[in-house]
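> Generate coordinates for the sequence data below:
(one chain, ligands or ions: 1)
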Amino acid sequence: MTDRRLHPDTLLVHGGTLRSPFGETSEALFLTQGYVYASAEEAEARFLNLSPGYQYSRFSNPTVTMFEERMALFEGAEVARATATGMAAVTAAMLCQVKAGDHVVAAKALFGSCRYVVEDLLPRFGVACTLVDGTDLDQWRAAVRPETVAFFLESPTNPTLELVDIEAVAKIAHDGGARLVVDNVFATPLWQQPLKLGADIVVYSATKHIDGQGRCLGGVVCCSKEFLDTYLQVFIRQTGPSMSPFNAWVLLKGLETLPLRVERQTATAAKVADALAAHPAVTRVIYPGRADHPQAELVKRQMSGGSTMVAFEVTGGKAGAFAVANALEIVKISNNLGDAKSLITHPATTTHQRLSEEARAELGIGPGLLRLSVGLEHPGDLIADLTTALDGIAAERAAAE
Ligand SMILES: *Cc1c(COP(=O)(O)O)cnc(C)c1O
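You can find the predicted model right below:
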């Protein structure tokens, strides 16, 4: 195991490496379903957990183990388990710990599919769910019941980049005998460490910044050894949301460059946010890291960096937002994020289309809102692309008046 006192940059290059007898420099890709045993006795011992080693790649695989170990070291978690997608990580982390009659509390502002899991899926199996405004601590407190087992939140939220006070919510969860699960995708493991703030379980869509180059899907659950042994390991082993060794290999290589990419993307996002705020066709910019973020004080306390994401509202509602998105040349229209390529999304008609108009309004998702995932392009080129697109709607407006 790699020394946990090393800096993240070092751990992300060397952490968890299992070198085969060939002494390869780059991590090996073990594209195998199963493993062979030297004797029937060894197979028996392995199935009794008396002899260490691999049995079947639904349970574990050396390439996947390397990714899990590297993630655990980065996150400062005792253990991590990889899954096929981010949603498999969220679903496994929630389902493995609940039974009929239990209750969970979740923030309303969630990634669409996460909201489906807590709001629609869990209740079908007798697990009640209360949705709260994540920024209102009194609502979290009031929602706790004797049968509450878990809290779930994301921060910053998608797409309005609102923060939830993780430390305060963790304390409310623990006082009520519940565990706190945090979806940390938007913050990235570089800028926010929920376990240090008191969270019990952290989940990621590795599809986003961990890959960072738009290639494959993946997810990961970071937790304590106790949570793994009691709930998660058996759930993953028996229900099979396992990560492909190939994807684990891609994501392992992604981790090596994560700090470089996320630092650069964040620095560019800050510049882009300032440029957007200065444009007359932009009515609002939400960026954790700008002094005008509604929770600037909490950003300082809870996060060590801004974000690679910027949300902004343009004049002209849906038509204005569509005109801007369609006029962009470098920035591509996509619902994905965390990529090397800058991507723009119109949440009201895509990622949050499933919600009612009132639910969207409650979350601050208006028709003119755009969500920008800042990539690795030159900041000057991105700002020029966005400015040209925004100038277009400003000119149209002036002509109409
Ligand atoms: C993308 C995303 C997910 C789901 O991840 P997949 O890898 O697409 O399954 C969950 N939460 C957040 C915040 C996300 O951005």
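> and residue 153, that's in a helix?
No - the assignment for residue 153 (DSSP: H, G, I helix; E, B strand; the rest coil) gives strand, which keeps it out of a helix.
> Contacts only, for it.
Residues in contact with residue 153, defined by C-beta atoms under 8 Å, 6 or more residues apart in numbering, are 106-107, 110, 134, 164, 166, 169, 180-183. (Each C-beta comes from the backbone N, C-alpha and C, glycine too.)
> By neighbour count, which of the residues you listed wins?
Greatest neighbour count in the contacts of residue 153, by other C-beta atoms under 10 Å, goes to residue 182: 29 neighbours.
> Now do the SS call for it.
strand.
> thought it was touching residue 198?
No - checked against C-beta atoms under 8 Å, the pair residue 182 and residue 198 is beyond contact range at 9.7 Å.
> Residues touching the helix or strand hosting residue 360, excluding its own?
Residue 360 belongs to helix 357-362 when assigned by DSSP states H and E. Applying C-beta under 8 Å, 6+ apart, the contact partners of helix 357-362 are 108, 348, 352, 366.
> count of neighbours near residue 25?
Quick note: residue 25 (other C-beta under 10 Å) scores 6 neighbours.
> That one belongs to a helix, doesn't it?
No - applying three-state DSSP, one finds residue 25 to be coil, outside a helix.
> Which residues of the protein lie near the ligand?
Contact residues, the chain versus the ligand (C-beta under 6 Å from any ligand atom): 85-87, 90, 111, 113-114, 154, 158, 183, 185-186, 205, 207-208, 217, 219.
> Could you measure from the residue lying closest to residue 119 once chain neighbours are set aside over to residue 340?
Residue nearest to residue 119 in three dimensions, not counting chain neighbours: residue 129, with 5.9 Å by C-beta to C-beta, 6 or more residues apart in numbering. Distance from residue 129 to residue 340, counting by C-beta to C-beta, to the nearest Å: 36 Å.
> just residue 40 next, same as before
In terms of C-beta to C-beta, residue 40 sits 50 Å off from residue 340.
> Mind checking which of these two has more residues around it?
residue 340 (16 against 8).
> for that one, what are its contacts?
Counting by C-beta under 8 Å, 6+ apart, residue 340 has contacts 212-214, 261, 375-376.
> which residues sit in contact with whichever residue of the stretch 251-400 of the chain sits closest to the ligand?
The minimum distance from the stretch 251-400 of the chain to the ligand, using C-beta to the nearest ligand atom, falls at residue 337 (6.1 Å). Residue 337 makes contacts with 208, 308-309, 343, 345, 371, 373, as judged by C-beta under 8 Å, 6+ apart.
> hang on, it in a helix?
No - using three-state DSSP, the assignment for residue 337 is coil, not a helix.
> Can I get stretch 295-302 as PDB, trimmed to CA atoms?
Only the C-alpha atoms of stretch 295-302 are listed here, as PDB (Å, rounded to 0.1, in the frame of the first residue of the first chain):
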ATOM      1  CA  GLN A 295     -22.700  31.600  -0.300                       C
ATOM      2  CA  ALA A 296     -19.200  33.000  -0.800                       C
ATOM      3  CA  GLU A 297     -18.400  32.600   2.800                       C
ATOM      4  CA  LEU A 298     -19.400  28.900   2.800                       C
ATOM      5  CA  VAL A 299     -17.400  28.400  -0.500                       C
ATOM      6  CA  LYS A 300     -14.300  29.600   1.400                       C
ATOM      7  CA  ARG A 301     -14.900  27.400   4.400                       C
ATOM      8  CA  GLN A 302     -15.800  24.200   2.600                       C
END
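> Show me what stretch 185-197 is in contact with.
8, 71, 74-77, 86, 111, 154-158, 161, 166-167, 170, 180, 182, 184, 202, 204-205, 208-209, 222, 258-259, 262-263, 266, 302-309, 338.
> Could I get the average pLDDT for the biggest helix by length in the chain?
Criterion DSSP state H: the longest helix present in the chain is helix 245-277. Averaging pLDDT along helix 245-277 gives 98.
> elements contacting the next helix-or-strand element following it?
Using DSSP H and E, the next helix or strand after helix 245-277 towards the C-terminus is strand 282-286. Contact partners of strand 282-286 among helices and strands, from 3 or more C-beta pairs under 8 Å, 6 or more residues apart in numbering; DSSP states H and E: helix 245-277, strand 309-314.
> Deepest in the core, which of those is it.
Ranked by mean neighbour count under mean count of other C-beta atoms under 10 Å, the helices and strands packed on strand 282-286 are led by strand 309-314, which reaches a mean of 27.
> what's the following helix or strand after that strand?
Following strand 309-314 in sequence, per DSSP H and E, is helix 317-327.
> Smallest distance to the ligand belongs to which residue of this protein?
Counting by C-beta to the nearest ligand atom, the chain gets nearest the ligand through residue 86, at 2.3 Å.
> okay but that residue is in contact with residue 207, surely?
Yes - with contacts counted by C-beta under 8 Å, residue 86 reaches residue 207, the gap being 5.7 Å.
> what is in contact with those two at once?
217-219.
> Out of these, list just those in strands.
Within the shared contacts of residue 86 and residue 207, residues falling in strands by DSSP state E are residue 219.
> now the shared contacts of residue 86 and residue 207 in CSV, with pLDDT and neighbour count?
Shown next, in CSV, are the shared contacts of residue 86 and residue 207 (pLDDT from 0 to 100; neighbours: other C-beta atoms under 10 Å):
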residue, pLDDT, neighbour count
217, 98, 19
218, 98, 28
219, 98, 29
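> show me where the stretch 1-150 of the chain has strands.
Under the criterion DSSP state E, counting those that start in this stretch, strands of the stretch 1-150 of the chain are mapped to 79-83, 103-107, 128-132, 148-154.
> low-confidence ranges in the stretch 51-200 of the chain?
Filtered on pLDDT under 70, the stretch 51-200 of the chain yields no residues whatsoever.
> I'd like to know which of the contacts of residue 340 are part of strands.
Short answer: the contacts of residue 340 have none in strands (DSSP E).
> from these, which is closest to residue 48?
Checking those against residue 48 with C-beta to C-beta, the nearest one is residue 212 at 40.7 Å.
> Let me know the next secondary structure element after the helix holding residue 360.
Where DSSP H and E defines the elements, the next helix or strand beyond helix 357-362 is strand 369-373.
> In the sheet, which strands lie alongside that next one, parallel or antiparallel?
strand 309-314 (antiparallel), strand 343-345 (antiparallel) (DSSP bridges).
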